[in-house]
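**Student:** Build me a model from this:
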Amino acid sequence: MKLLITGGTGFIGYHLAKKALKKGWAVTSISTKKPKKKRFLKKVKYIFCNLDNKKKLKKILSTNYDHVVNLAGYVNHNDKKKLIIVITLVVKTWLMSCLIQILFPLFRWEAALNTARTNPLTKKL
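**Tutor:** Predicted structure coming up:
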C-alpha cells in the first residue's frame, strides 16, 4: 500500500506515518517544514512544498497512491484565542475518530475494500 500524508511532519501525521510503516506501507509526506529530529522516520519519503505550488503537486501526484490523508494546516501560535479554538476542534475531531474506530475498526474497512477490488462484480466501480 502507498500512503500520501499532507502535513506529515506534524504530530498526527508523524503517528499516522509510524503506524503505516509498521504495517509495511510505503509512506510519502508533503510538508512545508522538515520533521523535528525526534519525529524523523527513516523510511518515509519527505517532500517539502507548499500545497499552493500546483506545478510541483502535479509532479508529486503523478504517483498512484492507495490512500491520501490531508492533515495540512497552518496554526498561528501567537494568537492564543484562535489557538485554543483550533486545539478544541482538533480534540473533538480526534475523539470522534476514536469513537468511529471503536465502532468500525479500520481492518473491517480495509477488508471490505480488498473484497471490492478482487470481486469481479465490483471491478468496474
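
**Student:** make it CA atoms for all contacts and neighbour counts henceforth
**Tutor:** Fine.

**Student:** Strands of this protein, start to end?
**Tutor:** With strands called from DSSP state E, the chain shows them at 2-6, 26-31, 45-48, 67-70.

**Student:** Which strands or helices does the third one pack on?
**Tutor:** Spelled out, that is strand 45-48. Applying 3 or more CA pairs under 8 Å, 6 or more residues apart in numbering; DSSP states H and E, we find strand 45-48 packed against strand 26-31.

**Student:** Give the pairing partners of the strand it packs on; include direction for each.
**Tutor:** With DSSP bridges as the test, strand 26-31 is paired with strand 2-6 (parallel), strand 45-48 (parallel).

**Student:** quick one, which of the strands of the chain is nearest to K82?
**Tutor:** Closest to K82 of these, according to CA to CA: strand 67-70, at 20.9 Å.

**Student:** Direction included, what does the closest one pair against?
**Tutor:** Partners of strand 67-70 in the sheet, by DSSP bridges, are strand 2-6 (parallel).

**Student:** quick one: buried residues of the partner strand?
**Tutor:** For strand 2-6, the neighbour count (16 or more other CA atoms under 10 Å) marks L3, L4, I5, T6 as buried.

**Student:** which residues are contacting that strand?
**Tutor:** Outside strand 2-6, the residues within contact range by CA atoms under 8 Å, 6 or more residues apart in numbering are 13, 17, 20, 25-31, 64-72.

**Student:** How is the chain partitioned into domains?
**Tutor:** For the chain, automatic domain parsing gives the domain ranges 1-74, 75-125.

**Student:** if you compare these, which one is most tucked away?
**Tutor:** Stretch with highest mean neighbour count among the domains of the chain: domain 1-74 (a mean of 15; mean count of other CA atoms under 10 Å).
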